[in-house]
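[1] have a look; sequence and predicted model below, questions after that.
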Amino acid sequence: MAQERKKNRQQQTEAQRLAHRDAVIEHSDNKFVAELTKNMDAFIYTKDFYVALYKQLESGMTSIEAYESLGFDTKKLGKNCAQAAAKRARQKAKNGEFEPKAENYDGSIPIEEMPEMTLEEKVAYQEARIRYLEDYVEFQKKCLPYWRRYTHPTATRSKGGQALHGL
């Protein structure tokens, strides 16, 4: 498998590699992309991406249709990206990674943007979403230690004997 990839990479021209890298970077702001690889030539998807992709595949879409429905352009990225992602999603489903447990979701996507889910899946997803949002708030607190002072209108600071509200 690794030898095949190496052989395919050798066959690609430098222009093709750069064009693919540009397309990957262009799609890096997609809500289902957690980050890019070190070389910025491939995606690291969120857990929610694979759940959403698998739901689309189960509804009867082809791998390309499902991938495009999640906001990726296969004309720029290539059909191989869609097919590889669909293959990974099916493998994850086969391994039981889509069981309705909070650990199987990362909660980074609002529930309105996720495909149709069962009640058990929604509960598990909401638990993951709460955990994600709590982590986000903690991160914000660390970034701005005085965040309450700036976000709560009741917070006051005195400057020269005067109380300043909401600053």
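    Cool, got the structure. Numbering: from 1, shown residues only.

[2] now do the strands in the protein.
    33-36, 43-45, 156-159, 162-165 (DSSP state E).

[3] ignoring the adjacent residues along the chain, who's closest to the residue nearest the centre of the chain?
    Ranked by distance to the mean C-alpha position of the chain (Cα atoms, centre = their mean), the top residue is Phe32 at 2.8 Å. Excluding its sequence neighbours, the residue lying closest to Phe32 (Cβ to Cβ, 6 or more residues apart in numbering) is Phe49, at 3.7 Å. Glycine gets a C-beta too; all of them are placed from N, C-alpha and C.

[4] pull the contacting residues for that neighbour.
    Residues touching Phe49, when contacts are defined by Cβ atoms under 8 Å, 6 or more residues apart in numbering, comprise 32-33, 70, 85.

[5] that one and Ser59: what is the separation?
    Between Phe49 and Ser59 the distance is 16 Å, computed by Cβ to Cβ, to the nearest Å.

[6] run the chain-centre distance for stretch 36-53.
    In terms of Cα atoms, centre = their mean, to the nearest Å, the centre of stretch 36-53 is set 7 Å apart from its chain centre.

[7] buried ones in that stretch?
    Buried residues in stretch 36-53, counted by 16 or more other Cβ atoms under 10 Å: 36, 41, 43, 45-53.

[8] just the residues you listed: which are in helices?
    When helices are assigned by DSSP state H, the members of those inside them are 47-53.

[9] let's have those residues in JSON lines, adding distance to Asn95 and pLDDT.
    As requested, those are exported to JSON lines (distance: Cβ to Cβ, whole Å; pLDDT from 0 to 100):
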{"residue": "Lys47", "distance to Asn95": "13", "pLDDT": "87"}
{"residue": "Asp48", "distance to Asn95": "17", "pLDDT": "89"}
{"residue": "Phe49", "distance to Asn95": "16", "pLDDT": "92"}
{"residue": "Tyr50", "distance to Asn95": "11", "pLDDT": "92"}
{"residue": "Val51", "distance to Asn95": "13", "pLDDT": "90"}
{"residue": "Ala52", "distance to Asn95": "17", "pLDDT": "91"}
{"residue": "Leu53", "distance to Asn95": "15", "pLDDT": "94"}
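
[10] now these in CSV, with distance to Gln91?
    As requested, these are exported to CSV (distance: Cβ to Cβ, whole Å):
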residue, distance to Gln91
Lys47, 14
Asp48, 17
Phe49, 14
Tyr50, 9
Val51, 13
Ala52, 16
Leu53, 12
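
[11] alright, that wraps it up for me.
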